[in-house]
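Participant: I'd like to go over a predicted model; first the sequence, then the structure.
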Amino acid sequence: MMPTAAFADAIRELPELADLRDVIERFGDRAETHVLATVRHDGVEFPIIGVVVGATRPSAPTLALVGGVHGLERIGTRVVLAGMHTIATFLTWDRMLNAALADLRVVFLPLLNPVGMWMRRRCNGSGVDLMRNAPPHPDASATPLVGGQRVSNKLPWYQGDEGAPMQLESRVLCDFIREWVFPARQSIVLDVHSGFGTVDRIWFPYAYTRRPFPSLAEVYALKRLLDETLPNHVYAMEPISSSYLVQGDLWDHLYDEHGDGRSPDTRHRTLDQAHRLPREPRYRGPFLPLTLELGSWLWVKKNPRQLFDVLGGFNPIRPHRLRRTLRRHIPLIEFLLRAVAGAEIWSVFDGHERQRMESEAFSLWFT
């Protein structure tokens, strides 16, 4: 159970925390709840909560759902909570899911940045954009300003001081993924954001370069599987670098640390070099960190008055649009749950097949 007495003030201040408490109660003894850290601001202690459901064996296939990295994007937390509610309810009657979770793990980090959400700001309480806060790759490029800046924490997209440790919230995310996701023999992360364009996009690494990342074949295979399984889905799946370049992206940092089966001295090589080199596993892999970027401009287009609310540029305001958004992405979560469980079927290639998949993916996304 979430320790409601210790965080009563935080729950009163943030309805999302009250909803998280309720969904944890719905899971009952099927879930492990971890208070990963507390963040204190203006006398209120806000918890950062992680929830683990299913197999505890480290190598179990794992799906991670993450939300609330940016405080203004409350819909990300809401989507994760909706997914948690559906899974918790399934577990009360669905024998198939209960059986699957004997060899499958689902982990949730629905609200990483509670102070930012409470303050109605993109950044955390120190003015740092958490998704620009990882140590930048030595070869990183960045789109000016939006890709990260160190001028001032009064401006958006502030990375933090050069050489400073990562922010507490960033470290919490990294530690949670290392503990519960890295050891899995296959894993997928879905980090839910909003605020770009009128189309819902599924972005994959790298954010710091326009060069393809080493798991291009696997993410292309996942795209084909999504298209075949849910042919009427609404998502544009593409590299994040096709929209802008970012320094200090946490998922780039974690992907490189994981290595996706490649040794530390080979994982930054070009795709053409990487697939010819011997694989030296650190973890089992594959590890596919994905970002669901909800196209919030569509909500603004339908209701321009939202722009007069600081949250209106990032969230559906009208109740019927909120409900539509929350039910819209449940099929994707269910698909990813099945995809990570069956990854050994759709994501394993011999050398020739890998080369063909990479070639098709390169033609689709990088030409």
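Facilitator: All right, it came through fine. Numbering: from 1, shown residues only.
Participant: quick one, strands of the stretch 201-350 of the chain?
Facilitator: 235-239, 287-294 (DSSP state E, counting those that start in this stretch).
Participant: point out the most buried one among those strands.
Facilitator: strand 287-294 (a mean of 25; mean count of other C-beta atoms under 10 Å). Glycine gets a C-beta too; all of them are placed from N, C-alpha and C.
Participant: what's the separation between P135 and L145?
Facilitator: 20 Å (C-beta to C-beta, to the nearest Å).
Participant: looking at the two, which one has more neighbours?
Facilitator: P135 (15 against 12; other C-beta atoms under 10 Å).
Participant: is it true that the more buried one touches L250?
Facilitator: No - contact between P135 and L250 fails when scored by C-beta atoms under 8 Å: they sit 10.2 Å apart.
Participant: pLDDT score for F196?
Facilitator: We note a pLDDT of 88 for F196 in this prediction.
Participant: quickly note the distance from it to Y158.
Facilitator: Counting by C-beta to C-beta - F196 and Y158 are separated by 19 Å.
Participant: same thing with I333?
Facilitator: 31 Å.
Participant: for A18, same thing?
Facilitator: On the measure of C-beta to C-beta, A18 and Y158 end up 30 Å apart.
Participant: same thing with H34?
Facilitator: 29 Å.
Participant: those two: who's more crowded?
Facilitator: Neighbour comparison, H34 and Y158: the larger count goes to Y158, with 22 against 17 (by other C-beta under 10 Å).
Participant: just to check, that one is in contact with D129?
Facilitator: Yes - counting by C-beta under 8 Å, D129 is a contact partner of Y158 at 5.7 Å.
Participant: which residues do those two both contact?
Facilitator: 123, 148 (C-beta atoms under 8 Å, 6 or more residues apart in numbering).
Participant: residues touching the residue positioned nearest the centre of the chain, list them.
Facilitator: Centrality entry for the chain: nearest residue to the mean C-alpha point is D191, 1.7 Å, by C-alpha atoms, centre = their mean. Shown in contact with D191 (C-beta under 8 Å, 6+ apart): 66-67, 69, 76, 251, 289-292.
Participant: swap in 6 Å and give it another go.
Facilitator: Listed by C-beta atoms under 6 Å, 6 or more residues apart in numbering, the contact partners of D191 are 66, 291.
Participant: beta partners of it?
Facilitator: Beta-bridge partners recorded for D191 (DSSP bridges): V66, T291.
Participant: now it: how far from A221?
Facilitator: Using C-beta to C-beta, one gets 20 Å for the distance from D191 to A221.
Participant: can you list the low-confidence ranges for this structure?
Facilitator: 1-4, 260-285 (pLDDT under 70).
Participant: and with 90 instead?
Facilitator: Residues of the chain that meet the criterion pLDDT under 90 lie in 1-9, 12-13, 43, 196, 259-286, 307-308, 348-351, 367.
Participant: in it, where's the longest helix?
Facilitator: Longest helix in the chain, counting residues (DSSP state H): helix 74-90.
Participant: what are the buried residues along the very next helix or strand once past that one?
Facilitator: Later in the chain than helix 74-90, the nearest helix or strand by DSSP states H and E is helix 95-100. Neighbour counts over helix 95-100 (16 or more other C-beta atoms under 10 Å) mark 97, 100 as buried.
Participant: going along the chain, name the helices of the stretch 251-367 of the chain.
Facilitator: 271-274, 297-302, 319-328, 330-341, 343-346, 351-365 (DSSP state H, counting those that start in this stretch).
Participant: what is the burial count for the spatially closest residue to Y244 that is not a sequence neighbour?
Facilitator: Ranked by C-beta to C-beta, 6 or more residues apart in numbering and with sequence neighbours excluded, the top spatial neighbour of Y244 is T143, at 4.1 Å. If you count neighbours by other C-beta under 10 Å, T143 ends up with 15.
Participant: D350 now?
Facilitator: 7.
Participant: do G125 as well
Facilitator: If we define neighbours as other C-beta under 10 Å, then G125 has 21 of them.
Participant: which SS class is the nearest residue to it once chain neighbours are set aside?
Facilitator: Once flanking residues are discounted, G125 sits nearest to V115: 4.1 Å by C-beta to C-beta, 6+ apart. Secondary structure assignment for V115 (DSSP: H, G, I helix; E, B strand; the rest coil): helix.
Participant: I figured V115 hits D42, correct?
Facilitator: No - with contacts counted by C-beta atoms under 6 Å, V115 stays clear of D42, the gap being 8.9 Å.
Participant: residues of stretch 337-347 that come out buried?
Facilitator: Neighbour-count burial for stretch 337-347 [16+ other C-beta under 10 Å]: 337, 339-341, 343, 347.
Participant: what about it, how long is it end to end?
Facilitator: Stretch 337-347 has an end-to-end distance of 15 Å (criterion: C-alpha to C-alpha, to the nearest Å).
Participant: which residues are in contact with it?
Facilitator: Taking C-beta under 6 Å, 6+ apart as the rule, stretch 337-347 contacts 61, 63, 104, 186, 188, 218, 221, 225, 286.
Participant: and the furthest pair within the residues you listed?
Facilitator: Using C-beta to C-beta, the pair of the contacts of stretch 337-347 lying farthest apart is L104 and A221, separated by 19.3 Å.
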